[in-house]
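Colleague: structure for the following, please:
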Amino acid sequence: METKKSKEKNLDSLRMPLALTGLLFTGGLILASFSYVTPIEEELKSNSTTSAEVMHYIEEEQPETPEQEQQQEEEYMAPPQPDIDSIDNTVLPPVPNPPIVPPRPPVGPPTPPAPPVEIIDFPDVEAQFPGGPAAMTSFILNNIEYPETSIDMDEQGKVFLSFVVEADGKISKVKVERGVSEDLDREAKRILRSMPNWEAGEVGGKKVPTRCRLPIVFTLN
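Modeller: This is a model prediction of the structure:
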């Protein structure tokens with residue numbers, strides 16, 4: 001009888017620890033069930049952003065099909081189409097045809113230059129001032145302008161001139177053959193060029209250009 005009571009006492013002493021152990025084990029299982037995440041879910045969560053980026057990259061890098069490439073090439077090569085609504089319906093006037101230019105007549109050989117007119121030194125009739133030598137002397141005395149520099153330097157003398165009386169009586173080709181000074185020579189040529197038309201010389205009854213010579217005297221009184 002004593003032995004039975006000792007076993008019951010031992011069992012009673014072990015009942016409380018066993019109950020606490022069971023409670024702890026049950027609580028741990030419950031807590032683990034709430035916090036447990038399967039490896040697949042964890043991998044999906046960690047790779048959600050990466051997979052989205054990969055899918056976006058794959059969509060961007062996807063090669064174009066031959067139909068898409070041909071369509072893009074046609075769009076690039078096709079000229080821009082005009083806006084039909086913006087086209088003016090005004091009818092433009094017809095463009096006139098350019099006038100017909102008649103062909104030019106054939107050009108013949110160039111006309112040879114006229115031969116130089118011969119100047120006669122000894123004509124049948126000498127050229128002369130209108131009214132004769134006396135009228136010419138009067139014209140010179142009335143039109144002479146003695147240069148001031150020549151007066152100051154006391155320049156005097158004869159200026160010998162040669163010139164041509166043309167067939168119409170005009171004087172040309174005036175030249176000083178023997179002069180006195182630059183100022184007196186210039187004045188002598190001026191007087192000769194200011195003379196009226198002469199009476200032209202003649203050869204065989206025809207007026208011709210003749211060469212004449214004339215001295216103009218400069219004196220200080």
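Colleague: for the rest of this, base every contact and every neighbour count on C-alpha atoms.
Modeller: OK.
Colleague: number of nearby residues for the closest residue to Ala127 other than its chain neighbours?
Modeller: Closest residue to Ala127 in three dimensions, ignoring its sequence neighbours and counting by C-alpha to C-alpha, 6 or more residues apart in numbering: Gly201, at 4.2 Å. Around Gly201 there are 27 other residues, counting by other C-alpha atoms under 10 Å.
Colleague: next: Gly131.
Modeller: Quick note: Gly131 (other C-alpha under 10 Å) scores 10 neighbours.
Colleague: what does Gly169 give?
Modeller: Count around Gly169 with other C-alpha under 10 Å applied: 22.
Colleague: please name the residues that touch the residue nearest to Ala127.
Modeller: Taking C-alpha atoms under 8 Å, 6 or more residues apart in numbering, we find Gly201 in contact with Pro123, Asp124, Val125, Glu126, Ala127, Gln128, Val165, Ala167, Lys207, Val208, Pro209, Thr210.
Colleague: tell me who's in contact with the first one.
Modeller: Under the criterion of C-alpha under 8 Å, 6+ apart, the neighbours of Pro123 are Gly201, Glu202, Val203, Thr210.
Colleague: wait, Trp198 touches Phe163, no?
Modeller: No. Between Trp198 and Phe163 there is no contact under C-alpha atoms under 8 Å: 11.7 Å.
Colleague: coming back round to it: farthest pair within the contacts of Pro123?
Modeller: By the measure C-alpha to C-alpha, Val203 and Thr210 form the most distant pair in those, at 9.6 Å.
Colleague: which one's more surrounded, these two?
Modeller: Ranked by neighbour count (other C-alpha under 10 Å), Val203 and Thr210 place Thr210 first, with 24 against 15.
Colleague: these two touch, right, that one and Ile119?
Modeller: Yes. Taking C-alpha under 8 Å as the definition, Thr210 is a contact partner of Ile119 at 5.3 Å.
Colleague: so what sits against both of these two?
Modeller: Val164.
Colleague: how many neighbours does Val164 have?
Modeller: 22.
Colleague: wait, what's in contact with the residue lying closest to it once chain neighbours are set aside?
Modeller: Using C-alpha to C-alpha, 6+ apart and skipping residues adjacent in sequence, the residue nearest Val164 is Arg211, 4.5 Å away. For Arg211, the contacting residues are Ile119, Ile120, Asp121, Ser162, Phe163, Val164, Val165, by C-alpha under 8 Å, 6+ apart.
Colleague: alright, I will stop here.
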